[in-house]
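> Got a predicted structure here, sequence first:
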Amino acid sequence: MADVRDILELERAATPEVSKELILGLRREGLKKKKEKEVMRRPEGMHRELYALLYSDSNKDLPPLLPTDNVQGYKSVKAKLGMKRVRAWQWMPFTNPARKDGAILHHWRRTCDQGKEYPFAMFNKKIEFLKYTDVEYSEHLLCDGWTRSETDTLFDLCQRFDLRWPVIHDRWPSHLTSRSMEDLKERYYNVTNILKKIEEEQQLINELRKIEARKKEREKKTQDLQKLINADTDSRKMTKTTKKKPPQTKIAKLESAPPSLESCTGIKFPDVKSSGVSLRSQRMKLPASVGQKKVKAIEQLLAELNLESNPMAVEEVCQMFNDLRSDLVLMYDLRTVLLNYVFELQTLKHQFDSLTPDKVLEIPEALTINMGEESPSRPRAISEMIDAVATPNTPNRKRKAALEQSNVLKKIKART
């Protein structure tokens, strides 16, 4: 403006002298104005939350209309050039899976994407069309005014043109009955609904079969579990009864009472009958009624005969092995009965000798057995082996018989 005034020969305004104080004062005023512009106070009457929504960043930009993930709001992120290596591109061939003619096309693509499927193939959506058989058509799809050939043609056109009804109506063959677009739609959707109902019915039948199969399986498991529970309760009852020991007087009576011949029946193996799968080896299990003494006698005799205690569970082996053990137990019981009878016979003989010392009672050899030790030249018999087996904490039968005989003799001498 000073130059313009000089050209026009106008008076120039007095210019102030430039000084340090003047320069610093101007700068301070400029700084104050900048600070006043930067700092904006909340208007009176406006809530703090509303004022915070007006400005979301330090630049006081208006908030975006749509939610964004970046910090810059609605502004686009600037491209960072020169930070990474440029990815290579290549002119390469590709095939479109939507086309059935095998056409090979070319386009630019990154080298790292070579061999991958064409990305736009995901948009090739196809409609699933239902198909019917001759039996289904004859039973459910017959309709007045529509023949089988017309229905087949309609479904063929619908599949070829993806339910584009104007195109289907345009391509409807002229040698067939002329149809409107509404007639074609009605026929197609009626058949489709009927087929869906048939398919749904078949699915329900299959589900019903699965439910019945699961129900039978649960019932079978319940029966097996009930059998196990019953067997467990029976075994517990048996253990409780065995744990209850009778008084000592009763024990003496039971031990003194000889077993009868009617009780000597061997082993009665139970019949294993179950609805489910069972092992044949269960048939060879000894019943709980067989005592521990008999079990040990059977094991010792099987070892003497060079037989296995648990042979292979073949059908014939099971039956023959059970019969053999039953015979061994029967022999054991008969041996026990025989020893009791011999003991009674010897007791009666001593009583007779003590009452009538002048007479001698002779017992036939057929009614006696050798109670002494075995000779070294003769091997031990199986019957003797059975009698020799004894459980722990149980006195020998010979010693027990001798003690009882001496007690009887003492009582007889005390009476006389």
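Here it is on my side, so go on. Fair warning: this is a prediction, and the values are worked out from it, not measured in the lab.

> quick one: the helices in the chain?
Defined through DSSP state H, the helices belonging to the chain, from first to last, are 2-7, 20-38, 48-54, 134-140, 148-160, 165-170, 181-243, 248-256, 292-304, 315-355, 382-388, 397-415.

> Pull out the buried residues from the third one.
The reference is to helix 48-54. Residues of helix 48-54 classed as buried: none (neighbour count, 16 or more other Cβ atoms under 10 Å). Where you see a C-beta, it was placed from the backbone N, CA and C, and this is true even at glycine.

> Can we start the residue count at 183 from this point?
All right, first residue 183 from here; so that's helix 230-236.

> right, and residue 531 touches residue 545 too?
Yes - in terms of Cβ atoms under 8 Å, residue 531 counts as a neighbour of residue 545; the distance is 6.3 Å.

> So for these two, which residue has more residues nearby?
For residue 531 versus residue 545, neighbours defined as other Cβ atoms under 10 Å are more numerous around residue 531 (16 against 12).

> Run through the residues that contact that one.
Going by Cβ atoms under 8 Å, 6 or more residues apart in numbering, residue 531 touches 543, 545.

> Residue 508 is in contact with residue 469, isn't it?
No - using Cβ under 8 Å, residue 508 makes no contact with residue 469, being 10.7 Å away.

> For those two, indicate the residue with more neighbours.
A side-by-side neighbour count of residue 508 and residue 469, using other Cβ under 10 Å, places residue 508 first with 16 against 9.

> list the contacts for the more buried one?
Here residue 508 is in contact with 448, 449, 451 (Cβ under 8 Å, 6+ apart).

> Let's have the residues you listed in TSV, adding neighbour count, pLDDT and distance to residue 419.
Rendered in TSV, the data for the contacts of residue 508 read as follows (neighbours: other Cβ atoms under 10 Å; pLDDT from 0 to 100; distance: Cβ to Cβ, whole Å):
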residue	neighbour count	pLDDT	distance to residue 419
448	17	74	25
449	18	79	21
451	17	74	21
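
> Common neighbours of residue 508 and residue 469, please.
449, 451.

> closest to residue 307 among the contacts of residue 508?
Distances from residue 307 to those, taken as Cβ to Cβ, are shortest for residue 451 (70.8 Å).

> The closest one: what's it in contact with?
Taking Cβ under 8 Å, 6+ apart as the contact definition, residue 451 lies against 465, 469, 504, 508.

> do the same with residue 481
Remark: with contacts taken as Cβ under 8 Å, 6+ apart, residue 481 is in contact with residue 491.

> Tell me how far it lies from residue 496.
Taken as Cβ to Cβ, to the nearest Å, the spacing of residue 481 relative to residue 496 amounts to 21 Å.

> Ok, residue 223 next?
104 Å.

> And for residue 411?
In this structure, residue 411 lies at 32 Å from residue 496, with Cβ to Cβ as the measure.

> And residue 398, by the same measure?
Using Cβ to Cβ, one obtains 32 Å as the distance from residue 398 to residue 496.

> Quick check: phi and psi on residue 190?
Here the main-chain torsion angles of residue 190 (degrees, to the nearest 10) amount to phi -80, psi 0.

> Common neighbours of residue 531 and residue 545, please.
The contact lists of residue 531 and residue 545 share no entry, where a contact means Cβ under 8 Å, 6+ apart.

> what about the stretch 283-432 of the chain, any weak spots by pLDDT?
The model of the stretch 283-432 of the chain has pLDDT under 70 over residues 422-432.

> Before I go, just wanted to say thanks for your time.
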